[in-house]
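Peer 1: generate a structure from the sequence data that follows.
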Amino acid sequence: MEIRSQDITQTLGGCEILKGVSIDVQSKKFIGIIGPNGSGKSTFLKCLYRTARPTGGVIYFDGEAVDSLSYKESARKVAVVAQHNYYNFDFTVEQVVLMGRTPHKKLMERNYAEDYALAQKALETVGMEAMKDRNFSTLSGGEQQRVILARALTQDTQCLILDEPTNHLDIKYQLQLMSIVKKLNLTVVSAIHDLNIAAMYCDEIHVMKEGRIIKSGPPDAVLTPAFIREVYEIQAEVIKNAKSGFLHVLYQPEF
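Peer 2: The predicted structure follows:
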């Protein structure tokens, strides 16, 4: 699946949050959106997955304007893994995962064997099949995020949007979640807080600052010491691991 945004603007309470954001996301590419807090990353992603309506501009899914699609139609194209997921009721893991089938259902339509099979496959993909009968609220943060990823996979789309899904997780679960997503070979657009995570997993990075995309390209072209200093106002060294080929951003504290 391909996504294109054209001159997306968003104004909230008289404040211009997005100022003409345009990106092209090619099929099966892992795209990272980085930038300082308040730069507009999450607002932009919310416009992509339609929990926020842009003030101006157009978003296309596979060449179709998103506004021409029903919410169910767009949910059959794009699944979302957000940063926080709360449920006020006692759902089992399997029940949460089966919620991903909602865009494919009529009102009050029950789940069938195919739905349960998709949920089981998704749980196996994220390594949570042994916990399908556990209460979701009893899981750790990392386990919950894997369940939410399984729900997104059960939605059976060709695109995942990740809205800073690893910010509150231990490094083990950050790497685990991102590695699972990388292996899926889907189109992925992710807001990422950690520059090293972005360097490790992204095919292309878009940098946002003050509501605009100010630079785009592969990680090694974007994550330079000079540019990190310009965007984040910190000193950093960027090295490439000779064995893995990954970039590593080494921050230099000011003391």
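Peer 1: is it true that residue 207 touches residue 219?
Peer 2: No - Residue 207 lies out of contact with residue 219 (C-beta atoms under 8 Å); the separation is 11.0 Å. Yep, even glycine has a C-beta here, placed from its N, CA and C like the rest.
Peer 1: so for these two, which residue has more residues nearby?
Peer 2: Neighbours were tallied for residue 207 and for residue 219 using other C-beta atoms under 10 Å; the higher tally belongs to residue 207 (25 against 22).
Peer 1: leaving out sequence neighbours, find the closest residue to the more buried one.
Peer 2: Closest residue to residue 207 apart from its sequence neighbours, by C-beta to C-beta, 6 or more residues apart in numbering: residue 215 at 4.5 Å.
Peer 1: over to the one you found. Which of the three states is it?
Peer 2: strand (DSSP: H, G, I helix; E, B strand; the rest coil).
Peer 1: I'd guessed it sits against residue 222; true?
Peer 2: Yes - at 5.6 Å, residue 215 counts as touching residue 222 under the criterion of C-beta under 8 Å.
Peer 1: these two: who's more crowded?
Peer 2: Legend: neighbour count by other C-beta under 10 Å for residue 215 and residue 222, higher for residue 222 (23 against 18).
Peer 1: contacting residues around that one?
Peer 2: Contact analysis of residue 222 by C-beta atoms under 8 Å, 6 or more residues apart in numbering lists 205, 207, 215, 216.
Peer 1: ok, which pair from these is furthest apart?
Peer 2: The span of those, defined through C-beta to C-beta, is set by 205 and 215 at 8.1 Å.
Peer 1: how about CSV for the contacts of residue 222, with pLDDT added?
Peer 2: Below are the contacts of residue 222 laid out as CSV (pLDDT from 0 to 100):
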residue, pLDDT
205, 98
207, 98
215, 97
216, 98
